[in-house]
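> sequence unknown, structure follows:
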């Protein structure tokens with residue numbers, strides 16, 4: 001035990017002396033957290049709209065004013081020609097075209113159905129879906145006003161005859177920051193737990209100190225434990241600091257038990273540390289291990305559900321995701337923070353990661369013994 005303590009002490013001294021690692025541990029993650037919270041969002045605050053109003057009536061102007069008065073839309077241009085509007089869409093000067101045909105007011109006055117046309121730039125499918133949803137909501141609002149002003153008349157045909165009202169649980173204001181901050185924290189904790197221990201161990205190889213340790217009375221299991229514990233502590237500190245920043249700056253709700261969250265994070269860190277240790281046994285230089293990390297971590301992040309739900313992935317991807325540790329933590333941290341889930345709700349994930357940690361650390365330790 002005393003040997004492990006001395007190794008941990010040595011690691012903290014090396015971290016303090018390393019001018020590159022200190023900013024990487026404390027400064028870079030916090031800057032990334034603050035920047036990504038605002039940058040990695042699906043909320044759209046400026047949608048360029050091109051209006052083709054061929055009716056020039058009071059109803060058409062009212063509808064256009066509803067879009068210009070919305071915080072989401074900016075009227076980029078108006079025209080009587082649909083070809084000009086389509087050219088603006090092709091040149092990426094507009095995201096959506098609102099085409100109001102001639103006869104809108106007359107149709108509404110006579111109680112006849114009236115249609116309008118929407119042309120949406122769908123290069124980005126997710127963005128197009130959001131634009132369409134925003135437009136439909138504004139048109140439905142206009143539709144209700146027409147019905148109230150002129151009972152019995154038929155208004156714009158949007159296919160919505162029912163008055164549907166939504167109630168959102170756990171994030172009632174649909175604040176995207178509440179959704180993204182836990183996901184970004186998972187990524188930062190993963191970098192601390194997987195990347196830095198592996199990089200530190202490979203650095204021992206490059207400096208030649210690993211041979212001195214191997215011929216010393218220090219057992220390799222003691223060396224591995226002493227090497228991993230400092231970064232395990234630092235990663236938990238990063239999680240605590242990130243949650244504090246999220247509470248102070250973004251007022252993110254923390255409905256669940258923090259002890260349960262940090263307990264799960266502790267098990268999760270054992271998994272990613274085992275993976276990082278295994279990578280370090282395969283690499284001989286820091287450049288090699290960085291390439292390994294880049295390949296696997298990018299795949300893990302994109303499949304973890306940080307932006308889109310994993311349930312929307314194909315069946316084969318969901319099956320492969322069982323070996324993705326980020327997917328477990330990404331799901332659990334949001335359940336605990338936003339939903340207030342308890343031990344019974346995340347028990348299956350804890351057991352799965354516990355077994356995963358045993359396999360990862362066991363394989364990494366066995367391979368390290370075999371190759372050094």
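Sure, I can see it. Note that the structure is predicted; figures quoted are calculated from it, not measured.
> Walking through the stretch 51-200 of the chain, point out its helices one by one.
Using DSSP state H, counting those that start in this stretch, the helices found in the stretch 51-200 of the chain span residues 58-68, 82-90, 104-109, 125-149, 176-190, 196-207.
> packing partners for the shortest one?
Taking 3 or more C-beta pairs under 8 Å, 6 or more residues apart in numbering; DSSP states H and E as the contact definition, the neighbouring helices and strands of helix 104-109 are helix 58-68. Bear in mind the C-beta positions are built from the backbone N, C-alpha and C, glycine included.
> any idea how far the residue located most distally from the centre of the chain lies from residue 344?
In the chain, the residue that sits farthest from the middle, by C-alpha atoms, centre = their mean, is residue 110; the gap is 49.8 Å. Applying C-beta to C-beta, to the nearest Å, the value for residue 110 to residue 344 is 61 Å.
> What backbone torsions are found at residue 307?
Note on residue 307: backbone dihedrals following degrees, to the nearest 10 are phi -110, psi -40.
> Next, count neighbours for it.
By other C-beta atoms under 10 Å, 14 other residues sit near residue 307.
> Same check on the one 4 residues further on?
The tally of other residues near residue 311 (other C-beta under 10 Å) stands at 7.
> repeat for residue 284
There are 12 residues near residue 284, going by other C-beta under 10 Å.
> continuing past the lowest-mean-pLDDT helix or strand in the chain, what's the next helix or strand?
Taking mean pLDDT, DSSP states H and E as the measure, the chain has helix 209-214 as its least confident helix or strand, at a mean of 70. Using DSSP states H and E, the helix or strand that follows helix 209-214 in sequence is helix 220-250.
> And the following helix or strand past that following helix, how far out from the chain middle?
Per DSSP H and E, helix 220-250 leads on to helix 258-282 as the next helix or strand towards the C-terminus. Taking the mean of its C-alpha atoms, helix 258-282 sits 20 Å from the chain's own mean (C-alpha atoms, centre = their mean, to the nearest Å).
> And stretch 91-100, by the same measure?
Put simply, stretch 91-100 sits 29 Å off its chain's centre (C-alpha atoms, centre = their mean).
> Let me see the ranges of the helices in the stretch 251-372 of the chain.
With helices called from DSSP H, counting those that start in this stretch, the stretch 251-372 of the chain shows them at 258-282, 286-302, 315-320, 325-334, 343-371.
> So which elements touch the fourth one?
Using 3+ C-beta pairs under 8 Å, 6+ apart as the contact criterion, the elements in contact with helix 325-334 are helix 176-190, helix 258-282, helix 286-302, helix 343-371.
> helices or strands next to the shortest one in the packing?
This points to helix 176-190. When contacts are defined as 3+ C-beta pairs under 8 Å, 6+ apart, helix 176-190 sits against helix 28-39, helix 220-250, helix 258-282, helix 286-302, helix 325-334.
> Give me the contacts around the first one.
When contacts are taken as C-beta atoms under 8 Å, 6 or more residues apart in numbering, the neighbours of helix 28-39 outside the stretch itself are 177, 180-181, 184-185, 188, 191-192, 238, 241-242, 245, 249-250.
> Could you list the buried residues of it?
29, 33, 36-37 (16 or more other C-beta atoms under 10 Å).
> which two from the residues you listed end up farthest apart in space?
Spatial extent of those (C-beta to C-beta) is set by the pair 29 and 37 at 12.4 Å.
> Leaving out the residues flanking it, which one is nearest to residue 258?
Distance criterion C-beta to C-beta, 6 or more residues apart in numbering; nearest residue to residue 258, sequence neighbours excluded, is residue 243 at 7.8 Å.
> same check, this time on residue 97
Excluding its sequence neighbours, the residue lying closest to residue 97 (C-beta to C-beta, 6+ apart) is residue 119, at 4.0 Å.
> check contacts around that neighbour.
85-86, 89, 96-97, 99.
> Run through the stretch 1-150 of the chain and note the low-pLDDT ranges.
By pLDDT under 70, the weakly predicted segments of the stretch 1-150 of the chain are 40-43, 149-150.
> Swap in 80 and give it another go.
For the stretch 1-150 of the chain, the stretches with pLDDT under 80 are 1-7, 10-11, 13-30, 32, 34, 36-45, 107-114, 124-126, 144-150.
> next one: the stretch 251-372 of the chain
Where the stretch 251-372 of the chain drops to pLDDT under 80, the residues are 307-309, 311-312, 368-372.
> and if we set it to 50?
By pLDDT under 50, the weakly predicted segments of the stretch 251-372 of the chain are 370-372.
> tell me the contacts of residue 6?
Shown in contact with residue 6 (C-beta under 8 Å, 6+ apart): residue 226.
> Could you check the angle the particular helix or strand that has it in it makes with helix 196-207?
Using DSSP H and E, residue 6 sits in helix 2-17. With axes from the mean of the first three to the mean of the last three C-alpha atoms, to 10 degrees as the basis, helix 2-17 and helix 196-207 are set at 90 degrees to each other.
> Show me which residues of helix 2-17 are buried.
Buried residues in helix 2-17, counted by 16+ other C-beta under 10 Å: 4, 7-8, 11, 15.
> now residue 103: how far from residue 55?
Going from residue 103 to residue 55 by C-beta to C-beta gives 7 Å.
> which of those two has more neighbours?
residue 55 (19 against 15).
> so how far is residue 225 from residue 6?
From residue 6 across to residue 225, the span is 12 Å (C-beta to C-beta).
> typed the wrong thing, it's residue 22
23 Å.
> higher neighbour count, those two?
Higher neighbour count among residue 22 and residue 225: residue 225, with 18 against 12, using other C-beta under 10 Å.
> What residues does residue 349 make contact with?
So residue 349 contacts 264, 328, 331-332 (C-beta under 8 Å, 6+ apart).
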